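Peer 1: quick one, structure for this:
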Amino acid sequence: MSTRQSAEGWVGLRRRRLSRRSLLSASARAGVGAAGLALVGCSNDEEPPPQDIQQQTSQQDEPPEPPEIQQQSMQQEQSQQAEQQVAQPEPPSGPGPGGIIRIWQAVERHDRWDPHRSRYRYTQAALSLMYNRLIQPASVSTGELEADLCALPEMPDETTYVFTLDQDAVFWDLEPTNGRTVIANDLAWNISRQQEALDAGGQPDAHFFRRNAYQRTASIQATSDSSITLTTAEPDAAYLGSVHASPFAWITSPEAAELYGDDWRDDPSDIMRSSGTGPYAPRLYNGFEITLARSDNWWRADSAYPDGITFTSGDTNNIVSLYNAAAFDRADFPLTNETVEALREQNPEHGTFELPLDSGVELLTPLGSDPLTPIGDPRVIRAVGLAVDRPALLERLYGGHGRASGPLPWYLEGWSLSESLLNSFPGYRNDRAADLEEVAQLISAAGATASSSPLPLVVADLFEGFFAGSGEAVRSMISDATGLEVRLENRPFAEAIDQLRRGERFLFLGWSAVPQQADPTDDWRRTLHSEGVGNWSDGSSAELDGLIEQMATTFNLGARQDIGHQVQEILLGGDAVQWQVKLVNGIQLGIHQPWLHPDPRLFDYAWSSNRLSTSWLDTTLENYPSGREPPPLEEETEAGG
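Peer 2: So this is what the prediction gives:
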């Protein structure tokens, strides 16, 4: 059965599944929807073929059998049916345990197994199955939260959070914790370790990348073995999502940090040093493959369906052949959409899905006076934003698979503007002529002409390498619409970003940063607020500052999203200086094997690999690969030690 989920389809699915509600009154939710199996058979209304008619006629002409022979025949038939039922069990109609999920992933690109000093996406995918957080996103595209190690906290006031531990929570039944119970002091130690950010010798360690986020915790008090109280210095509506439900907010054991010291940071080869509470424990990491097996003492029995999960990397040119040979259960990134579409045509019975790409395409430019170019004039920058033909760019980069992005990408449900509202603004409306007329007015008002100094357009070399010719496509769009000369240049991504931070003025085309969470409050405080450390523009807006400050103290999720909509309308209307010009977000097509039943939340958009544990496999299917077994724990312990 093939289940194609369009961009609108899976957004609609989440809208039906998730409801907007106050953070203070939100309750923990658990469970996963089961995908039913549809059985397709022949219609009883079809006429039998001629040979069947002849057979039926000849049988009707024969004399009837004696009653005792009929009875023996019926008994034999019933016996045969019973044997067939034993030999061919009914397929499962919902989630069940068993099987090994195999996924392609560039695991050789991970950084380190210390969960507090790691930051790479490929590392996070494995960590998300080995560790738990205090709480976690119910959906990474909405920002709604749910229980994990703890229930959602009680909030007696707007600066106090009382967390209650799940009484069943335990560490793995492995060294160095040997299955002991998780207590509140463990949680307090984890938070303090992130705040202090010290190496084994007590010296500051910059590898604790989330120190600033954890500094937002003003006090920590374990009031009992199962309860911990945290406070913030002031009301902070984004605190839970940005700190304790963030992609790397893992809880590990103090014993592991003491035992492994800085080797945990410096030796990226030994995954067996991991020490978690999550549903899966490591069995193997050999540089190109990670195998995790369900923990023998996993304490949340109603989840973690697969027996194991394997991430395998290798030559990307072999992904299609390996998928066709059933070596992988999913095929999507880094395959092109054209390749996936070909796979879909070859395998129409396989499930299909579509997931938004995490990084959008954008133009960056710090604003400010520059006597050499007109780029410091906000009117020119707005004209450039309107000059880019987003539908044409979407077709050029992604073959039409995607959507134009407003200040927030469309996949952040509840936060982004509705498509109908977004399409009413210049640059997004279905009126290219009106956009070009406004561009001409802006350029004229800024006093820029064809004889003005060229607009420098720098394209990230990695971006141009991935989308050959994209820089020239955007250059010509801007030049044709504005009448200005645009000078094109390729530079390394990191080098260009450093130059922008130092104040060099140019347009920069590339990917945006991957959002850490759906809630944009923290990012906007950093990049849009006039006092934000990441605000590269020289302009400020008292109205914008006020709205962002209001978001930071509004705990009701729906109300905070409504304020976020006002911020976006100000930016789109041109009433505030904006140095980040959002363009488009693509959609990655994917396909999965018939035996894999993925949790729909696996395709939210980012940081959701933990939903592999609530996906399940129908191992009763005849073509489910045999021989998938995790390696023995004893062998890997010796190899890892």
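
Peer 1: now for the chain, the helix or strand with the poorest mean pLDDT.
Peer 2: None of the helices or strands of the chain scores lower by mean pLDDT, DSSP states H and E than helix 50-61, at a mean of 32.

Peer 1: what's downstream of the longest strand seen in the chain, the next helix or strand?
Peer 2: As assigned by DSSP state E, the longest strand anywhere in the chain is strand 580-592. For strand 580-592, the succeeding helix or strand toward the C-terminus, using DSSP states H and E, is strand 596-597.

Peer 1: what's the domain layout of the chain?
Peer 2: According to automatic domain parsing, the chain comprises the domains 99-329+593-640, 361-587.

Peer 1: with respect to residue 335, which of those lies nearest?
Peer 2: For those, proximity to residue 335 was assessed by C-beta to C-beta; domain 99-329+593-640 is nearest, at 5.9 Å. Every residue, glycine included, has its C-beta placed from N, CA and C.

Peer 1: give me the mean pLDDT for the closest one.
Peer 2: Across domain 99-329+593-640, the average pLDDT comes to 94.

Peer 1: residue 589 contacts residue 401, correct?
Peer 2: Yes - here residue 589 reaches residue 401: they are 6.5 Å apart, a contact under C-beta atoms under 8 Å.

Peer 1: higher neighbour count, the two?
Peer 2: Between residue 589 and residue 401, counted using other C-beta atoms under 10 Å, the more crowded position is residue 589 (25 against 20).

Peer 1: and residue 426, how far from residue 568?
Peer 2: Distance, residue 426 to residue 568, using C-beta to C-beta, to the nearest Å: 14 Å.

Peer 1: of the two, who's got more company?
Peer 2: residue 568 (21 against 17).

Peer 1: so that one is in which element?
Peer 2: With DSSP H and E as the test, residue 568 turns up in helix 557-572.

Peer 1: so which bits of that helix are buried?
Peer 2: Neighbour counts over helix 557-572 (16 or more other C-beta atoms under 10 Å) mark 557, 560, 561, 563, 564, 565, 567, 568, 569, 570, 571, 572 as buried.

Peer 1: now do stretch 182-192
Peer 2: Judged by neighbour count using 16+ other C-beta under 10 Å, the buried positions of stretch 182-192 are 182, 183, 184, 186, 187, 188, 189, 190, 191.

Peer 1: okay if I get these as CSV plus secondary structure and distance to residue 349?
Peer 2: Below are the buried residues of stretch 182-192 laid out as CSV (DSSP: H, G, I helix; E, B strand; the rest coil; distance: C-beta to C-beta, whole Å):
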residue, secondary structure, distance to residue 349
182, coil, 44
183, coil, 50
184, helix, 50
186, helix, 47
187, helix, 47
188, helix, 52
189, helix, 51
190, helix, 46
191, helix, 49
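
Peer 1: what's the offset of stretch 334-350 from the middle of its chain?
Peer 2: With C-alpha atoms, centre = their mean, to the nearest Å as the basis, stretch 334-350 stands 21 Å off its chain's centre.

Peer 1: before we move on, what about stretch 128-145?
Peer 2: Using C-alpha atoms, centre = their mean, the offset of stretch 128-145 from its chain centre is 11 Å.

Peer 1: give the contact list for residue 229.
Peer 2: Contacts for residue 229 (C-beta atoms under 8 Å, 6 or more residues apart in numbering) come out as 160, 161, 162, 163, 219, 220, 221, 223.

Peer 1: which one of these is nearest residue 614?
Peer 2: Proximity of the contacts of residue 229 to residue 614 was ranked by C-beta to C-beta; the top entry is residue 163 with 22.8 Å.

Peer 1: doesn't the closest one fall inside a strand?
Peer 2: Yes - Residue 163: assigned to a strand according to DSSP: H, G, I helix; E, B strand; the rest coil.

Peer 1: so for the helix holding residue 568, mean pLDDT?
Peer 2: The model assigns helix 557-572 a mean pLDDT of 96.

Peer 1: render the CA-only coordinates of it in CSV, please.
Peer 2: The C-alpha coordinates for helix 557-572 follow below in CSV (Å, rounded to 0.1, in the frame of the first residue of the first chain):
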residue,chain,number,x,y,z
LEU,A,557,1.4,29.0,23.3
GLY,A,558,-1.4,30.2,21.1
ALA,A,559,-1.1,33.8,22.4
ARG,A,560,2.6,33.7,21.8
GLN,A,561,2.1,32.5,18.3
ASP,A,562,-0.4,35.3,17.6
ILE,A,563,2.3,37.8,18.6
GLY,A,564,4.7,36.1,16.4
HIS,A,565,2.3,36.6,13.5
GLN,A,566,2.3,40.3,14.2
VAL,A,567,6.1,40.4,14.0
GLN,A,568,6.0,38.6,10.6
GLU,A,569,3.5,41.0,9.2
ILE,A,570,5.6,44.0,10.2
LEU,A,571,8.6,42.4,8.4
LEU,A,572,6.7,41.5,5.3
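
Peer 1: now for it, which elements pack on it?
Peer 2: helix 521-527, helix 542-552 (3 or more C-beta pairs under 8 Å, 6 or more residues apart in numbering; DSSP states H and E).

Peer 1: nearest to residue 350, of the domains of the chain?
Peer 2: For the domains of the chain, the distance to residue 350 is smallest for domain 99-329+593-640, at 5.8 Å, taking C-beta to C-beta.

Peer 1: roughly how far apart are residue 187 and residue 238?
Peer 2: Residue 187 is 20 Å from residue 238, by C-beta to C-beta.
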